[in-house]
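Q: following is a predicted model, sequence given first.
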Amino acid sequence: MKTEILNKNIYDVDEIRKDFPILKTLVHGKLLCYLDNAATTQKPQSVINSDVNYYTHLNSNVHRGVHYLSETATKVYEDSRVKIQKFINASSEKEIIFTRGTTESINLVAQTYGRSVLNEGDEIIISAMEHHSNIVPWQLIAKEKKAIIKVIPITDKGDLILDEYKKLLSPRTKIVSVVYVSNSLGTINDVETIISLAHERKIPVLLDAAQAVNHLPVDVQKLDCEFLAFSGHKLYGPTGIGVLYGKKEILDSMPPYQGGGDMISKVTFEETTFNALPYKFEAGTPNIAGSIGFGSAIDYVNSIGIKNIAAHEHEILEYATEEISHINGLRIIGQSDNKCSLISFVLDNVHPHDVGTFLDFEGIAIRTGHHCTQPLMDRFSIPATSRASFALYNTKQEVDILVAGIKKVIEVFK
């Protein structure tokens, strides 16, 4: 990954850590060392304040009322949509659909676009490193439509084999849906090439960007993808809120995902006329507080700068990789030359769950298991890994704590 040089005069990680109250937590008498950011990131005080402020001063439904609270809540809610539009450089706020998260965003595309275009024998291309949320929705619609799922293989280092991807593309391919950054390996996929090759055959592309938007600058107009899905809680925002970006012309052509209030223009017992974008896909009362909090999280990330964050995290990743690589009996799973800030590893003769449990008593929070990527674990012939994932507030000192903790695990289980 090409990163800019970190300007330490601008990026003060000690000051940044003060913005996250949970980092002062004691775990088993030790200061929390939080290294589970690929699962969810912690929230700055400004995002927490946003949630409290909404329920204290603005609580009202949006789009439905003419009174002060409703109109004010609606404005702040829609302001968040615009912030997200600008953050990923969408051409219009109408291309930003609020969902519950990446999972619902992908299901929306599978159940609307997929159902519209797939016929028996048609093909869907995904990759061997996909999260279950980018596998199961396609399996469900493929089974219904008698379509076929094709899988891009990966190398032992954890890179997609693009020559094999080219061979999979065919006149029967109706959509390519791939992860931008692997949540288990850290691999940053060459999505520009993936999109370009698909577009040569006029095949649309969905990117699962859940692990990308918090680590990399993302420009959907430059990428030219048809869809992009991501979640608020991995970008320092609330849980239960996410986004589906879609090109306006393709969203206009898709049927609604759910029926109910706010997604309609006119309803009679005979038929319904649907609302315009983005509301056609936002049935019912939305997660108003979550959407506003997501906007606050975007403000926070912008105040630091995504390029500064990427540079800091890359520095931490390089340091951690070097230190962890020296531990005897440890093997890193996912060694792509183009990685984001996480390290998955296995220890000889120690199950990852034991690693995670032991490290917890040292105050260290990592993730253990298959990380919702069971086919990927099968590819590497392992049941699970231990995963340490880094964010904008992590430090080299925390890496040292992790390394010391792993060495204690090895000593105990030796």
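A: Everything's here; your move.
Q: in the chain, where is pLDDT below threshold?
A: The model of the chain has pLDDT under 70 over residues 1-9.
Q: if you set the cut-off to 90 instead, what comes out?
A: Filtered on pLDDT under 90, the chain yields the residue ranges 1-10, 64-65, 257-258, 260-268, 270-276, 414.
Q: F20 and Y393 touch, don't they?
A: Yes. Between F20 and Y393 a contact is recorded at 5.7 Å, counting by CB atoms under 8 Å. All C-beta spots, glycine's among them, are computed from the backbone N, C-alpha and C.
Q: domains of the protein?
A: The record's domain parsing of the chain by automatic domain parsing lists 13-31+305-413, 48-302.
Q: export these to TSV and tack on mean neighbour count and distance to N37?
A: Shown next, in TSV, are those (neighbours: other CB atoms under 10 Å; distance: least, CB to CB, whole Å):
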stretch	mean neighbour count	distance to N37
domain 13-31+305-413	18	4
domain 48-302	19	8
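Q: circling back: shared neighbours, F20 and Y393?
A: Residues touching both F20 and Y393 (CB atoms under 8 Å, 6 or more residues apart in numbering) are Q42.
Q: got the CA positions of stretch 253-272 in CSV?
A: C-alpha atoms of stretch 253-272 as CSV (Å, rounded to 0.1, in the frame of the first residue of the first chain):
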residue,chain,number,x,y,z
SER,A,253,-34.2,0.9,-12.3
MET,A,254,-34.3,-1.3,-9.2
PRO,A,255,-37.6,-2.3,-7.4
PRO,A,256,-37.9,-1.4,-3.7
TYR,A,257,-36.4,-3.7,-1.1
GLN,A,258,-39.2,-3.2,1.6
GLY,A,259,-42.6,-1.7,1.6
GLY,A,260,-44.0,0.7,4.2
GLY,A,261,-44.0,4.3,5.2
ASP,A,262,-41.9,7.0,3.6
MET,A,263,-40.9,4.9,0.5
ILE,A,264,-44.2,5.7,-1.2
SER,A,265,-45.6,8.6,-3.2
LYS,A,266,-49.2,7.5,-3.4
VAL,A,267,-51.0,4.4,-2.1
THR,A,268,-54.4,3.0,-3.0
PHE,A,269,-55.7,-0.5,-2.5
GLU,A,270,-55.1,-1.2,-6.2
GLU,A,271,-51.5,0.0,-6.5
THR,A,272,-48.7,2.1,-5.1
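Q: can you give the contact residues for it?
A: Looking at what lies outside stretch 253-272 - CB under 8 Å, 6+ apart - the contacts are 63-64, 107-108, 111-113, 115-116, 246, 273-276, 279-286.
Q: which residues in the stretch 151-300 of the chain form strands?
A: 173-179, 205-208, 227-231, 242-246, 264-267, 272-274 (DSSP state E, counting those that start in this stretch).
Q: for F380, find the nearest of the ones you listed.
A: With distances scored as CB to CB, the stretch of these nearest to F380 is strand 173-179 (16.2 Å).
Q: pairing partners for that closest one, with directions?
A: When pairs are called by DSSP bridges, strand 173-179 turns out to pair with strand 123-127 (parallel), strand 205-208 (parallel).
Q: got JSON lines for these, with distance to E362 too?
A: Converted to JSON lines, those look like this (distance: least, CB to CB, whole Å):
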{"stretch": "strand 123-127", "distance to E362": "35"}
{"stretch": "strand 205-208", "distance to E362": "33"}
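Q: show me where the stretch 1-150 of the chain has its helices.
A: Assigned by DSSP state H, counting those that start in this stretch, the helices in the stretch 1-150 of the chain fall at 13-17, 45-53, 68-87, 102-109, 115-117, 136-145.
Q: reformat these as TSV; add distance to H370.
A: Below are the helices of the stretch 1-150 of the chain laid out as TSV (distance: least, CB to CB, whole Å):
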stretch	distance to H370
helix 13-17	31
helix 45-53	30
helix 68-87	31
helix 102-109	16
helix 115-117	29
helix 136-145	14
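Q: for E192, which of those helices is the nearest?
A: Proximity to E192, assessed across the helices of the stretch 1-150 of the chain by CB to CB, is greatest for helix 68-87 (19.2 Å).
Q: what's the closest one in contact with?
A: Outside helix 68-87, the residues touching it (CB under 8 Å, 6+ apart) are 54, 58-65, 90, 92-93, 95-96, 98, 213, 218, 243, 278, 286, 288, 291-292, 294-296, 298-299, 301-302.
Q: how about a cut-off of 6 Å?
A: 58, 60, 62-63, 93, 96, 243, 288, 291-292, 294-295, 298 (CB atoms under 6 Å, 6 or more residues apart in numbering).
Q: same check on stretch 213-223?
A: With contacts defined as CB under 6 Å, 6+ apart, stretch 213-223 is touched by 88-90, 212, 228, 230, 234-235, 245, 306, 310, 340.
Q: mind checking the end-to-end distance for it?
A: Length of stretch 213-223, first residue to last, CA to CA, to the nearest Å: 13 Å.
Q: same check on stretch 171-191?
A: 21 Å.
Q: could you check how far it is from the centre of its chain?
A: Distance of stretch 171-191 from the chain centroid (CA atoms, centre = their mean, to the nearest Å) equals 12 Å.
Q: ok so, going back, JSON lines for the strands of the stretch 151-300 of the chain, including distance to I126?
A: Shown next, in JSON lines, are the strands of the stretch 151-300 of the chain (distance: least, CB to CB, whole Å):
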{"stretch": "strand 173-179", "distance to I126": "5"}
{"stretch": "strand 205-208", "distance to I126": "9"}
{"stretch": "strand 227-231", "distance to I126": "13"}
{"stretch": "strand 242-246", "distance to I126": "17"}
{"stretch": "strand 264-267", "distance to I126": "33"}
{"stretch": "strand 272-274", "distance to I126": "29"}
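Q: V355 is nearest to which of those?
A: With CB to CB as the criterion, V355 lies closest to strand 173-179 of the strands of the stretch 151-300 of the chain, at 24.8 Å.
Q: tell me how far the residue positioned nearest the centre of the chain lies from T239.
A: In the chain, the centroid-proximal residue (CA atoms, centre = their mean) is A210; its distance is 1.0 Å. For A210, the distance to T239 equals 13 Å [CB to CB, to the nearest Å].
Q: that's all I had, so thanks and see you.
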